[in-house]
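# Provided below are the primary sequence and the corresponding predicted coordinates.
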Amino acid sequence: MQRVLGRQILKPVRRWKSILTATRDVFFPETVVTTLPSGFRIATEDTKIPTATIGVWIDAGSRYENAANNGTAHFLEHMAFKEVVFDHLHIRAFEGNPLCMTILGPVENIK
């Protein structure tokens, strides 16, 4: 009797377990990392959806720099995130709001 009762209780749990496993496979696909002969690594995930997303990660920064390539990360950062040129109209439109500030801070800090 106890064994039959246990099976009846576990039947819905097993059903939910299979549903959760299937859901995990759909929403969290396996990441496959492929290394090309050049050393370039590509991570792919098959989401079964006809879309593509590209992300680029560069091992850069002071952690990876040496005397020969010092400053490369800083250069790449400025190439990727060019500062917006602020004009007087923009500054006046957002006066008193953080949107009127540049990422570099006040002019006094830049000079």
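Done, it's in. A quick note: this is a predicted structure, and the numbers were derived from the prediction, not measured. Numbering: from 1, shown residues only.
# can you give me the helices for the chain?
2-27, 72-80, 88-93, 107-110 (DSSP state H).
# where does the chain have low pLDDT?
1-27, 60, 81-87, 102-107, 109-111 (pLDDT under 70).
# Just the residues contacting stretch 57-67, thanks.
Contact with stretch 57-67 is made by 71, 72, 73, 76, as judged by Cβ atoms under 8 Å, 6 or more residues apart in numbering. To be clear about C-beta, it is placed using only N, CA and C from the backbone, and glycine gets the same treatment.
# For burial, what's the neighbour tally of the second one?
Here the count is done by other Cβ atoms under 10 Å, and residue 72 has 15 residues near it.
# Please indicate which of the contacts of stretch 57-67 are buried?
residue 73 (16 or more other Cβ atoms under 10 Å).
# Turn the contacts of stretch 57-67 into JSON lines, including distance to residue 58.
Listed next are those as JSON lines, based on distance: Cβ to Cβ, whole Å:
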{"residue": "71", "distance to residue 58": "14"}
{"residue": "72", "distance to residue 58": "9"}
{"residue": "73", "distance to residue 58": "8"}
{"residue": "76", "distance to residue 58": "7"}
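# which non-adjacent residue is nearest residue 90?
residue 100 (7.1 Å; Cβ to Cβ, 6 or more residues apart in numbering).
# pretty sure the one you found is touching residue 94, no?
Yes: Residue 100 is within contact range of residue 94, at 3.8 Å (criterion: Cβ atoms under 8 Å).
# contacting residues for the nearest residue to residue 45 once chain neighbours are set aside?
Spatial nearest neighbour of residue 45, chain neighbours left out: residue 29 (4.4 Å); criterion: Cβ to Cβ, 6+ apart. Shown in contact with residue 29 (Cβ under 8 Å, 6+ apart): 45, 46, 47, 48.
# count of residues packed around the last one?
Spelled out, that is residue 48. 7.
# State the distance from it to residue 56.
24 Å (Cβ to Cβ, to the nearest Å).
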